[in-house]
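Peer 1: Test case, fold it:
(one chain, ligands or ions: 1)
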Amino acid sequence: MSKLFEGYRIGGVALKNRMMVSPMCQYSAVDGVAQPWHRVNYGRYAIGGAGLVMVEVTAVNRQGMGTHGDLGLWNEAQQEALAEVAHTIDTLGAVPAIQIGHAGRKGSAQRPWDGGRALSDLDIAERGEAPWQLVGPSAIAMASDRPAPAVLDKEGIAAIRQAFVDTARRAVAAGFRAIEIHSAHGYLLHQFVSPLSNHRQDEYGGSPENRWRLPLEIVREIKAILPSDGALLVRVSCSDGADGGNELPETIAYAAALKEAGAEAIDCSSGGISGRASANRLARGLGFQVPFSAAIRREVGIPTIGVGLILDGPQAEAVLQAGDADVIAIGRAALYDPNWALHAQEALEGPGFAHWPPQHGWWLQRRAELLDSIAAS
Ligand SMILES: Cc1cc2nc3c(=O)[nH]c(=O)nc-3n(C[C@H](O)[C@H](O)[C@H](O)COP(=O)(O)O)c2cc1C
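Peer 2: Numbers count the residues shown, from 1 in each chain. The predicted model follows:
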């Protein structure tokens, strides 16, 4: 049997295999409320054999949204709709998981396909989408064409910490078994962690330990309310890829602190602190972030998730066999093929449809036998 299709455990959550669908924002929510698109989108990855399906970044309050189409989880209507998403994933055989976050200075943006720029009054005229006031650790804009955020004071920080905890509580109540805290890609917690965006002089800035304070407080508080059969993951940007930013050694120290605070796995991504995620100077090749996962796994002794341009089963299996990650997150390859896991299992363990849901597999097995007999005649 392959390692990819062997069971695995993160915290209190048993996975049937080591493939998770990476969080991917659909920009399709209405007032933060999940729509039929979300139920079908996430459900088809579960039908497609994923071990864990991570719902896209979900804002902990209105100001924490990235675009008008982001999911949110701070009210009853949002919780009810997400409970249906969690139930769909669960009944179709995967672990329902959700990433929660706050966009901070990166919010108030157009959807990528509308341009991805800062919202302006033009967007009100075109789509009824008004810009909103951003917040951040310091009054430093993400890019020259983005507004500078208002600086969060102690009360503002405490309110955001509480919003993360309240959202985690709602996520558990909605049926999600694993929660991932978004501390990557230039989102608010990453803005606190990176010296490029955090110039504070108080206990939330300056030394690395101070810059880590807010995410560590959030991890501790969420860990305390998570049921024992749950799991707490944190996504980090292992490299800012920019002068004066954090690189792998700083991230290894941060990951060790996250582990001590209660994180049960580190999802090892990179970039996003300034401009677009792809604007940093990291060279992009197949599996380009896997060395980060390998180093954190080795140095910190915590389960890691490897992600980024992992295309197929054999490539994922090689990462696991090398001991470079414990779980593989698949993003765009799952958009391309929602049955990614079923196809990966076929590639690694041989042809056949026994591992497919019978609603599809029973027929495909018979069609395969028919095609064989046609080929032989
Ligand atoms: C459409 C899209 C939306 C994304 N949204 C998120 C998100 O909500 N949270 C997050 O941490 N990463 C997000 N990402 C990054 C992916 O989770 C993943 O790390 C990235 O696509 C690299 O993996 P891949 O090469 O397998 O696609 C998004 C990526 C795409 C393509």
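Peer 1: any idea how far Ile296 is from Gly285?
Peer 2: Ile296 is 19 Å from Gly285, where distance means CB to CB, to the nearest Å. The C-beta positions use only the backbone N, C-alpha and C, and glycine is treated the same way.
Peer 1: The two: which is more packed in?
Peer 2: Ile296 (27 against 8; other CB atoms under 10 Å).
Peer 1: could you list every residue that touches that one?
Peer 2: Counting by CB atoms under 8 Å, 6 or more residues apart in numbering, Ile296 makes contact with Cys238, Thr251, Ile252, Ala255, Ile266, Cys268, Ile302, Thr304.
Peer 1: and Pro137, what does it touch?
Peer 2: Per CB under 8 Å, 6+ apart, neighbours of Pro137: Gly104, Val151, Leu152, Leu188, Gln191, Phe192, Ser197, Asn198, His199, Arg200, Tyr204, Gly205.
Peer 1: Wait, the fourth one touches Ala163, no?
Peer 2: No: here Leu188 lies out of contact with Ala163, judged by CB atoms under 8 Å, at a distance of 10.5 Å.
Peer 1: These two: which has the busier surroundings?
Peer 2: Between Leu188 and Ala163, counted using other CB under 10 Å, the more crowded position is Leu188 (31 against 21).
Peer 1: Find the residues that touch each one of Leu188 and Ala163.
Peer 2: Taking CB under 8 Å, 6+ apart as the criterion, Leu188 and Ala163 both touch Gly64, His102.
Peer 1: Do you have the helices of the stretch 101-250 of the chain handy? List them.
Peer 2: Using DSSP state H, counting those that start in this stretch, the helices of the stretch 101-250 of the chain run over residues 121-127, 154-173, 188-193, 208-225, 248-261.
Peer 1: For the ligand, what is the nearest residue in the stretch 101-250 of the chain?
Peer 2: When scored by CB to the nearest ligand atom, the stretch 101-250 of the chain has Arg235 as its residue closest to the ligand, at 5.1 Å.
Peer 1: returning to what we had before: which of the helices of the stretch 101-250 of the chain sits most buried?
Peer 2: Sort the helices of the stretch 101-250 of the chain by mean neighbour count, taking mean count of other CB atoms under 10 Å, and helix 188-193 sits at the top with a mean of 28.
Peer 1: picking up where we left off before, near the ligand, from the contacts of Pro137?
Peer 2: Contacts with the ligand are made by none of these, judged by CB under 6 Å from any ligand atom.
Peer 1: Tell me which two of these sit farthest apart.
Peer 2: Of all pairs drawn from these, the greatest distance, 15.1 Å, lies between Leu188 and His199 (CB to CB).
Peer 1: and which of the contacts of Ile296 is nearest Ile222?
Peer 2: Comparing the contacts of Ile296 against Ile222 with CB to CB places Ile266 closest, at 15.1 Å.
Peer 1: how close does the closest one get to the ligand?
Peer 2: 13 Å (CB to the nearest ligand atom, to the nearest Å).
Peer 1: surely that residue meets Val234?
Peer 2: Yes: judged on CB under 8 Å, Ile266 makes contact with Val234 at a distance of 5.8 Å.
Peer 1: Might you enumerate the residues of the chain proximal to the ligand?
Peer 2: Within the chain, the positions near the ligand by CB under 6 Å from any ligand atom are 22-25, 56-57, 99, 182, 184-185, 235, 269, 307-310, 330-333.
Peer 1: ok, back up a step: which member of the contacts of Ile296 is positioned nearest Lys16?
Peer 2: Thr304 (19.3 Å).
Peer 1: Could you measure from that closest one over to the ligand?
Peer 2: Distance, Thr304 to the ligand, by CB to the nearest ligand atom: 14 Å.
Peer 1: Show me the beta-bridge partners of that residue.
Peer 2: On the basis of DSSP bridges, Thr304 takes part in beta bridges with Ile266.
Peer 1: Buried only: go through the contacts of Pro137 for me.
Peer 2: Those of those that meet the buried threshold are Gly104, Leu152, Leu188, Gln191, Phe192, Ser197, Asn198, Arg200, Tyr204, Gly205, by 16 or more other CB atoms under 10 Å.
Peer 1: Thanks again, I'm all set now.
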